[in-house]
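[1] Turn this into a structure:
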Amino acid sequence: MPHQQYEWTAIAPWLTLFLIPGIGPRRFHQLLEKMGTPENVLAANPNTLTGLPKESIEGLRQLQRQTGEIYSEIQRQLEDTYLWFEKPHHYIIPYHATLYPKLLQELVDAPPLLFVNGHLEFLSLKQIAIVGSRNPSNQGQENAYSFAAELASRGYVITSGLAYGVDAAAHQGALAGGGATVAVLGTGLDVVYPAQHKALAERICERGALISDFPLSTKPQSSNFPRRNRLISGLSTGVLVVEATLNSGSLITARLAAEQGRDVFAIPGSIHNPLSKGCHELIRQGAKLVDQVDHIVEEVRRQTPPNVQHIDFGNNETSDEATQSALNTEQQSVMEAIEDTICHIDQIVLRTTLNVQQVADALLQLELSGFIESVPGGYRKRMRS
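    Numbering: from 1, shown residues only. Predicted coordinates:
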């Protein structure tokens, strides 16, 4: 049984309501505010739920009657999602969960559910988004790679959209820098787009996470990507734009970031390069001009809310004995359970008296402190000099 914060029986009502046609994030939250729980919404008389489109009302009626095309389609999606959910490192995180990213939770139209493939822990860490052209210059691609690698080596999670060009370079740079990266998809998590990035997506799952707020099997459509861009900026404390034309979708991400109160950074370039014009326009509108990583780090350190953590990959100069003595009982139990092998979180739960949430919290703090590291297959103790 994979590590899950919730059993399927708790997730299913959220997912059922989420899958009803016409119920987007805002309506979902409005219904919960009025009715309290998804179960209450699903059991309510549809005629008493004001403001719903006809397709949503019909969907509720069919679910209650357990018949009809909408009902059949939702049942199919529930069955497919259950099979996906049962696999290791596959998660569905509802809005009210403790592991739901705090910065994203602040948005008025935050996704009711997040689908995650990979390591949940990284979603709670400080993220810097790097976005830009799908067809960057060689210099632009190098900038995305080197900025991501340096930021990742300093403990920042690099977030991007798995697209060609700048996105891919940012993910690859983060991995090369020994850090973590999060890819936000504009599709269901079972649909990697572009398909040529399947191998990159698999590497990201090993040292980060794929994330989406679209149901499984959602295909790539142009209307999906502004929504994906909003998720990229919502997860991040700051957004760096590396080369963009004036019509680039990266400018949408930057605008959303500014509306969400995030820092926006842009790398300048030649006035003769069309790929620099988007960055220059952002700088004119108030984005921070950066030409080195320190400019981003200094600003983010000043602006980051206290509930967003930062992972420190630096060496700890104190002795193992002295440092481990500062660990709490739960963290010490987890350290003992890991022993000297790679351990999946399920094994750690079985070897301790802790529940899943306690183990997940302890693993996060131990990784932040440099005692353990996340590797394919689970966690292992770090070699400490």
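[2] okay, CA-based contacts and neighbour counts for the rest of this
    Fine.
[3] where along the stretch 151-300 of the chain do the helices fall?
    166-176, 198-206, 224-235, 249-259, 274-284, 293-303 (DSSP state H, counting those that start in this stretch).
[4] quick one, strands of the stretch 1-150 of the chain?
    90-94, 113-118, 127-132 (DSSP state E, counting those that start in this stretch).
[5] now, of those strands, which is deepest in the fold?
    Across these, the average number of neighbours (mean count of other Cα atoms under 10 Å) peaks for strand 127-132, which reaches a mean of 31.
[6] which strands and helices sit next to that one?
    Strand 127-132 makes packing contacts with strand 157-160, helix 166-176, helix 224-235, strand 238-242, helix 249-259 when contacts are defined by 3 or more Cα pairs under 8 Å, 6 or more residues apart in numbering; DSSP states H and E.
[7] Domain parsing of the chain, as residue ranges.
    As given by automatic domain parsing, the domain ranges for the chain are 120-303, 320-381.
[8] Mind putting these into CSV with mean pLDDT and distance to residue 38?
    Converted to CSV, these look like this (pLDDT from 0 to 100; distance: least, Cα to Cα, whole Å):
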stretch, mean pLDDT, distance to residue 38
domain 120-303, 93, 17
domain 320-381, 75, 23
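[9] Which one, of those domains, ends up nearest to residue 66?
    Residue 66 lies closest to domain 120-303 among the domains of the chain, at 21.0 Å (Cα to Cα).
[10] okay, the helices of the stretch 151-300 of the chain, which one's buried deepest?
    helix 166-176 (a mean of 27).
[11] the inter-axis angle of that one versus helix 198-206?
    50 degrees (axes from the mean of the first three to the mean of the last three Cα atoms, to 10 degrees).
[12] What would helix 166-176 look like as PDB? C-alpha coordinates only.
    Extracted C-alpha coordinates of helix 166-176, given in PDB (Å, rounded to 0.1, in the frame of the first residue of the first chain):
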ATOM      1  CA  VAL A 166      13.800  27.200 -21.300                       C
ATOM      2  CA  ASP A 167      11.500  24.900 -19.200                       C
ATOM      3  CA  ALA A 168      13.500  21.800 -20.100                       C
ATOM      4  CA  ALA A 169      16.800  23.600 -19.500                       C
ATOM      5  CA  ALA A 170      15.600  24.700 -16.100                       C
ATOM      6  CA  HIS A 171      14.600  21.200 -15.000                       C
ATOM      7  CA  GLN A 172      17.900  19.700 -16.300                       C
ATOM      8  CA  GLY A 173      19.900  22.400 -14.600                       C
ATOM      9  CA  ALA A 174      18.200  21.800 -11.300                       C
ATOM     10  CA  LEU A 175      18.900  18.100 -11.500                       C
ATOM     11  CA  ALA A 176      22.600  18.700 -12.500                       C
END
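[13] And for that helix, what's in contact with it?
    The contact list for helix 166-176, computed with Cα atoms under 8 Å, 6 or more residues apart in numbering, reads 130-136, 140-142, 144-153, 157-162, 180-183, 200, 204, 207, 242.
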